[in-house]
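Student: my questions are about this predicted structure, shown below with the sequence.
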Amino acid sequence: MVTGNPPENHEEKPKFRIGSRIYLRAVSKDDLRILTIWINDPEVNQYLKVSYPMSYEDQLKWYESHMHERVRTSVHFAIVLKDSDQIIGVMGLHHIDHKHGTATTGSFIGNKQYWNKGYGTEAKMLVLEYAFNTLNLRKICSMVYDFNTRSKRCLEKCGYHEEGIRKAHIYRNGHYCDEILMAVFRPDFEAKWVEHKKLLDS
């Protein structure tokens, strides 16, 4: 079982947002090998837009191009356990548009040991808090395939509502599936954040 090993020369990395069980930090080059393993795992990538094998070199090219963006239109976070500093997944804020106040999110928990335990919801709430209260965005969009009920529940727990469906839009696991469009506005998030913050403060 892949557990997500720390780098050989492990050193503490800056924590960007801290939750009750996890924290968010910038994705580092040290993370790329475990991300490559996860993103090639069929159980993981069936929920993603990845359809071809990905090498470490592919991940490195993505990382280096992201780090040298002239205008920051995306932010990528590592999802890390507080008690062990072990990375368990990643989450991104993409297509940041300050004119319209919008962005999209995408994420996955790569370490399957931590599926269905609320870590994705906790990470999503921290990213939304940053998007709304630091970047001053007003609407965050996400998409989910119709068979990914776990991810849809996570979004709904964070205040998302369904906005539309692209029927038979994606080919996965031998058949066409719907792509469900979800979005959360600031007021809907704020209502959920009040509840979530009680957990952080407890």
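Tutor: Ah, there it is.

Student: the helices in this protein, which residues?
Tutor: According to DSSP state H, the chain carries its helices in the segments 32-39, 42-45, 56-67, 119-133, 149-157, 186-201.

Student: which one of those helices lies nearest to Val75?
Tutor: Each of the helices of the chain was scored for nearness to Val75 using CB to CB, and the closest is helix 119-133 (8.0 Å). From N, CA and C alone the C-beta is placed, and that goes for glycine too.

Student: contacting residues around stretch 142-154?
Tutor: 47, 104-106, 115-116, 120-121, 124, 155, 160, 165, 170, 172-173, 177-183 (CB atoms under 8 Å, 6 or more residues apart in numbering).

Student: dump the helix or strand bottoming out on mean pLDDT in the chain to PDB, keeping only the CA atoms.
Tutor: Lowest by mean pLDDT, DSSP states H and E among the helices and strands of the chain is helix 186-201, with a mean of 86. The C-alpha atoms that make up helix 186-201 are tabulated as PDB, following Å, rounded to 0.1, in the frame of the first residue of the first chain:
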ATOM      1  CA  ARG A 186     -19.600  33.300  -0.600                       C
ATOM      2  CA  PRO A 187     -22.800  33.500   1.500                       C
ATOM      3  CA  ASP A 188     -23.400  29.700   1.300                       C
ATOM      4  CA  PHE A 189     -19.800  29.000   2.200                       C
ATOM      5  CA  GLU A 190     -19.900  31.500   5.200                       C
ATOM      6  CA  ALA A 191     -22.900  29.600   6.700                       C
ATOM      7  CA  LYS A 192     -20.800  26.300   6.500                       C
ATOM      8  CA  TRP A 193     -17.700  28.000   7.800                       C
ATOM      9  CA  VAL A 194     -19.400  29.000  11.000                       C
ATOM     10  CA  GLU A 195     -20.100  25.300  11.700                       C
ATOM     11  CA  HIS A 196     -16.600  24.300  10.600                       C
ATOM     12  CA  LYS A 197     -14.800  26.900  12.700                       C
ATOM     13  CA  LYS A 198     -16.400  25.500  15.800                       C
ATOM     14  CA  LEU A 199     -14.500  22.300  15.100                       C
ATOM     15  CA  LEU A 200     -11.200  24.200  14.600                       C
ATOM     16  CA  ASP A 201     -11.700  26.100  17.900                       C
END
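
Student: need the contact partners of that helix.
Tutor: Residues from elsewhere that reach helix 186-201, judged by CB under 8 Å, 6+ apart: 19-20, 122, 125, 128-129, 132, 137-140, 157-161.

Student: what subset of these is buried?
Tutor: Restricting the contacts of helix 186-201 to buried positions leaves 19, 122, 125, 128-129, 132, 137, 139-140, 157-160, with burial counted as 16 or more other CB atoms under 10 Å.

Student: got those residues as JSON lines, with pLDDT and distance to Glu43 columns?
Tutor: Compiled in JSON lines, the buried ones among the contacts of helix 186-201 are given as follows (pLDDT from 0 to 100; distance: CB to CB, whole Å):
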{"residue": "Gly19", "pLDDT": "94", "distance to Glu43": "25"}
{"residue": "Glu122", "pLDDT": "96", "distance to Glu43": "22"}
{"residue": "Met125", "pLDDT": "97", "distance to Glu43": "25"}
{"residue": "Leu128", "pLDDT": "98", "distance to Glu43": "26"}
{"residue": "Glu129", "pLDDT": "97", "distance to Glu43": "30"}
{"residue": "Phe132", "pLDDT": "98", "distance to Glu43": "32"}
{"residue": "Leu137", "pLDDT": "98", "distance to Glu43": "32"}
{"residue": "Lys139", "pLDDT": "98", "distance to Glu43": "31"}
{"residue": "Ile140", "pLDDT": "98", "distance to Glu43": "27"}
{"residue": "Lys157", "pLDDT": "95", "distance to Glu43": "22"}
{"residue": "Cys158", "pLDDT": "96", "distance to Glu43": "23"}
{"residue": "Gly159", "pLDDT": "96", "distance to Glu43": "28"}
{"residue": "Tyr160", "pLDDT": "98", "distance to Glu43": "24"}
